[in-house]
Structure formats: C-alpha cells, structure tokens
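Engineer: Kindly generate the corresponding structure for this input.
(one chain, ligands or ions: 2)
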Amino acid sequence: MQTAQLKAAAPACGVARPSMAARSSFKAAPAPSVARPSFARRVQKLQKAAGVQARNVVVVRAADDKVVVIGLAADSGCGKSTFMRRVTGIFGGEPKPPAGGNPDSNTLLSDMTTVICLDDYHSLDRNGRKEKAVTALDPRAQHFDLMYEQVKALKEGKPVQKPIYNHVTGLLDPPEEIQAPKILIIEGLHPFFDDRVNDLLDFKIYLDISDEIKFAWKIQRDMAERGHSLESIKASIEARKPDFDAFIDPQKKKADMIIQVLPTQLVPDEKEGKILRVRLIMKEGKKLFDPVYLFDQGSTVSWIPCGRKLTCTFPGIKMFYGPDTYYGEEVSVLEMDGQFDKLEELIYMESHLSNTSAKFYGEITQQMLKNSSFPGSNNGTGLFQTIVGLKVREVYERITEKEVVPV
Ligand SMILES: Nc1ncnc2c1ncn2[C@@H]1O[C@H](COP(=O)(O)OP(=O)(O)OP(=O)(O)O)[C@@H](O)[C@H]1O
Ligand SMILES: O=C(CO)[C@H](O)[C@H](O)COP(=O)(O)O
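Structural biologist: Numbers count the residues shown, from 1 in each chain. Ligands and ions are numbered 1, 2, ... in the order given. Below is the predicted model of the structure:
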C-alpha cells in the first residue's frame, strides 16, 4: 500500500500528525533520545505563547513528587483524543509529541501531563496479528508485562524506553524515552485489564459509547475524512465486536467515572447521532474525588432548564440527577439529553451544579467556550468530559497536596 493510503487509514491515537515531509526526513534511529527542554526554555516558550498561561507552569518534578496515574479506557474512535485535549488543556500548555523524536510517536507531552497510548504495547504488529488471526483488542496481542513494568517505573519517577506502535506502517518502531511526569495518563483499549496495571491507577475513566453512536461517529470520520466505504466500516465494526464485548467493555465495571453516550430520548428514531443523551456515572465513597450533584445531593431531580435564562430550540434539553447502582456499586448519575443553542448560557446550568471541582464561578463554561471547536462541545459529551478533567485536577491535588493554579 502507498504511504498516503496508509496514512489515511491510520487512527490518530491522540496525536496531531506532522507533515509527510517531516515524516520522510525522519530516520528511525534506535531509542531516540527525547531530552525535555530546560525549565527556562519552557517558561520562555509559554510566556511567549500566552502570558496568562505561563502563570500555570509549576513544571519540573521534584524527586520526591508523587506521579499521579490516570487511566482512560475506550474503543478506538470513541473520542479519546478529543477527551485528552480537554483534560490536558485544563493544566495549560499545548500537548505535543516528543520534540525531535519519531514523528509517528503516539505520545503527547505538556508541562504537567504525559499521555501515552497503550497501542504502543501491542506485542504483535499488524502482520503478526494477521498471521495469528487475532484482533488488536485481543489480550494475546498486548505486552502486559512490559506495560506493567513501565507504568510502575514511571510511577516511581524513573524514565523508561517505551516502544512505539506505528499506525502508519503497522510496525513496532524503535522505542522512545519517556520521563516521569507529574500526571501520567495511559489511554487505550486495555488500561484496567491487567490487575497489576489496574492497581497502579489513581483514577479510572471509561468512555462507553453505544453501538449506534459509535457507528454514526465512525461513518462521520472514516467516510468523510478517510475515504472508507460504508460496507468496510460496517465490516470492521462487526469484526471487532466479539473481542470488544469479551475484553474491552467489561473493564467499565472497574472505572471511577463512566461517560455513557446514548441516542437521545427527546426525538423518536433519531439515528444520526446528532442529538445525544449523555450520562456521567460517578462511583460514590471514593477518597480522591466527590461526585457532582444537581440542586440537592442524593435527591432525584428531573430538570428542563429551558426558559428565560437558557435558549432552547427543538428538541430542548432535559437534565436528570439521582442515585443508582452500577454493577453492584453505589453511584450518582448526572444526565443531559439534548444540546445547547448558545454555549455561553451554560453558565446558568453550571450555577446549579455543585462539587464540580471548578476553582471559580464559570470555570466549566470558560473551558467549554475555549474548546468550542472540539466535537461534542454543544452537548453532554463536552460538558462531562470537562467536568471529568476538573476531577483529574482534584485527584492530583488530593494526592500531592499541591495546588494547581487554574489557567
Ligand atoms: N463528542 C463527540 N461528538 C460528536 N462526534 C465525536 C465526539 N467525539 C468524537 N467524535 C467523532 O469521533 C471521531 C473520533 O474521535 P477521536 O479521534 O477523539 O477518537 P479516538 O478514540 O481518539 O480515536 P482513535 O483511537 O481511533 O484515534 C471524531 O473524528 C469525531 O468525528
Ligand atoms: O484499536 C486500535 C487503536 O485503539 C487499533 O485498531 C489498533 O491499535 C491497531 O491499529 P492499526 O489498525 O493501525 O494496525
């Protein structure tokens, strides 16, 4: 296959791809050294980019700092990259692949966060999976021992030589050096699958996208942006489904927060996935975060906020909040069905939410407005991803007993 075709078929895995020119000039050297720029260089760069953002820079990790480890699980094409951009944006700085390294790296570095993609722990490359007739979702195609050793080492503050799975070529490239960050986010198919890795995680998030919506998003991306046919998208979803059900989906039981995305109940038979019903399922009784609530903690509340303060055209917005159980565990559920007409009016809804971990009145609305070009910004996916991002900050602060100044 030609490189251009390969590129078109490759999932992004969280990283904005550099130009073909930059890629073709890259020589796959063994273990490219990815030295982090100095504190001064980073502060200078940030100050130049945006004066106000530079205030947020706490940067260099002291030797005794704790590394907080966050896990994000979801199937491919379920919005992990978009979610990561929202979460890392809360900590300031622009996440970038390691400078001067492999242009097909899946890693994203910013001042406080490092996001690593668990596809890098595929033990079988694309050919190997084909030969053995296993999908990338099958645990037999993952190197869990190495994943565990490296996440553990990073949590202990030690650098690692992490492999790179190249989505363009389907091969395993030479490793890249990853330094211990303040916040390590591991995102991918199996962050909670192996008990040893699962035990290293301080906060676990699962993106649970229903089949109908997953299909609608895949069509949107893979047909419009990658030139795939409807039949091939259907076939790829069907081929992955048994392994998804067996190995990926069961991990959601272990998550602390689940963002569940379903078709709307406001419009009968809406199949395009344009209007969404989104549920934020939050485990109760956890030490490191408090669940969000609407109006009155522990009550059951149904609320249609459309009125004088919130503009709603058809089909409007319906909110729900209440206690529930999830795989036998006590949870609170916050739900939003419908979409915003005017994003700035979200402030009205925000003012009725409590325990959001926002540091000032309107922080959620501000984040949503800042990221208004991201998919899902006018509905519950964007709202709940932003809230979960604030929870990541709260978890970090509770573990390290350090304050993050809001951007
Ligand atoms: N909240 C959303 N609302 C609407 N569409 C969305 C949303 N999130 C993601 N999408 C759609 O799904 C596609 C995949 O999103 P994204 O690249 O963030 O997923 P991903 O899980 O990182 O994918 P992959 O693992 O395949 O790289 C986007 O191009 C967009 O079309
Ligand atoms: O599920 C996936 C990503 O989360 C991919 O399918 C998996 O990593 C294999 O990638 P490729 O299709 O590029 O060989």
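Engineer: What lies in contact with stretch 246-259?
Structural biologist: Contact partners of stretch 246-259, identified using Cβ atoms under 8 Å, 6 or more residues apart in numbering, comprise 73-75, 137-139, 189-193, 198, 203-208, 278-283, 286, 289, 326-327, 381, 384-385, 388, 391. Placement of C-beta: from N, CA and C, glycine included.
Engineer: cool, and stretch 283-301?
Structural biologist: By Cβ under 8 Å, 6+ apart, the residues outside stretch 283-301 that reach it are 202-203, 255-257, 280, 282, 303, 319-323, 326, 329-332, 334, 352-357, 387, 391, 394-395, 398-399.
Engineer: ditto for stretch 365-376
Structural biologist: If you take Cβ under 8 Å, 6+ apart as the criterion, stretch 365-376 is touched by 79, 82, 85-86, 89-90, 276, 343-344, 346-347, 350, 377, 381-383, 385-386, 389.
Engineer: Give me the buried subset of those.
Structural biologist: Neighbour-count burial (16 or more other Cβ atoms under 10 Å) applied to the contacts of stretch 365-376 gives 79, 82, 85-86, 89-90, 276, 343, 346-347, 350, 377, 381-383, 385-386, 389.
Engineer: quick revisit: inside helices: which ones of the contacts of stretch 246-259?
Structural biologist: Those of the contacts of stretch 246-259 mapping onto helices are 198, 381, 384-385, 388, 391, per DSSP state H.
Engineer: circling back to that earlier point, the contacts of stretch 365-376: which ones sit near ligand 1?
Structural biologist: Contacts with ligand 1 are made by 79, 82, 381 out of these, judged by Cβ under 6 Å from any ligand atom.
Engineer: Mind putting those into TSV with pLDDT and distance to Phe215?
Structural biologist: Shown next, in TSV, are those (pLDDT from 0 to 100; distance: Cβ to Cβ, whole Å):
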residue	pLDDT	distance to Phe215
Gly79	93	14
Thr82	93	17
Thr381	98	16
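Engineer: now the strands: where do they sit in the stretch 101-250 of the chain?
Structural biologist: Here the stretch 101-250 of the chain has its strands, by DSSP state E, counting those that start in this stretch, at 108-109, 113-117, 160-165, 172-178, 183-188, 203-209.
Engineer: In JSON lines, list those strands along with mean pLDDT and distance to ligand 1.
Structural biologist: JSON lines is the format used below for these (pLDDT from 0 to 100; distance: least, Cβ to the nearest ligand atom, whole Å):
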{"stretch": "strand 108-109", "mean pLDDT": "96", "distance to ligand 1": "11"}
{"stretch": "strand 113-117", "mean pLDDT": "98", "distance to ligand 1": "8"}
{"stretch": "strand 160-165", "mean pLDDT": "98", "distance to ligand 1": "12"}
{"stretch": "strand 172-178", "mean pLDDT": "98", "distance to ligand 1": "17"}
{"stretch": "strand 183-188", "mean pLDDT": "98", "distance to ligand 1": "8"}
{"stretch": "strand 203-209", "mean pLDDT": "98", "distance to ligand 1": "7"}
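Engineer: Nearest approach to Val404 belongs to which of these?
Structural biologist: Taking Cβ to Cβ, strand 183-188 is the member of the strands of the stretch 101-250 of the chain nearest to Val404, at 9.6 Å.
Engineer: between the closest one and strand 203-209, how big is the angle?
Structural biologist: Between strand 183-188 and strand 203-209, the angle comes out at 30 degrees (axes from the mean of the first three to the mean of the last three Cα atoms, to 10 degrees).
Engineer: Show me the contact partners of strand 183-188.
Structural biologist: Contacts for strand 183-188 (Cβ under 8 Å, 6+ apart): 14, 67-74, 80, 84, 87-88, 91, 112-119, 151, 154-155, 197, 201, 392, 396.
Engineer: now Leu72, which residues is it bridged with?
Structural biologist: Leu72 has these beta-bridge partners by DSSP bridges: Glu187, Ile205.
Engineer: circling back to that earlier point, ligand 2 next: which of the contacts of stretch 246-259 are close?
Structural biologist: Restricting the contacts of stretch 246-259 to those touching ligand 2 (Cβ under 6 Å from any ligand atom) yields Leu189.
Engineer: Only the buried subset of the contacts of stretch 246-259, as a ChimeraX command please.
Structural biologist: Buried subset of these, written as a ChimeraX selection, criterion 16+ other Cβ under 10 Å:
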select :73,74,75,137,138,189,190,191,192,193,198,203,204,205,206,207,208,278,279,280,281,282,283,289,326,381,384,385,388,391
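Engineer: Looking at the stretch 201-350 of the chain, which residue is nearest ligand 2?
Structural biologist: Closest approach between the stretch 201-350 of the chain and ligand 2, counting by Cβ to the nearest ligand atom: Arg240, at 7.6 Å.
Engineer: what about that residue, how many neighbours?
Structural biologist: Applying other Cβ atoms under 10 Å, we find 17 residues neighbouring Arg240.
Engineer: can you tell me how far it sits from Pro315?
Structural biologist: Going from Arg240 to Pro315 by Cβ to Cβ, to the nearest Å gives 32 Å.
Engineer: can you check Lys274 too?
Structural biologist: Applying Cβ to Cβ, the value for Lys274 to Pro315 is 10 Å.
Engineer: Pro268 now?
Structural biologist: Remark: distance between Pro268 and Pro315 (Cβ to Cβ) = 10 Å.
Engineer: Fine by me, thanks again.
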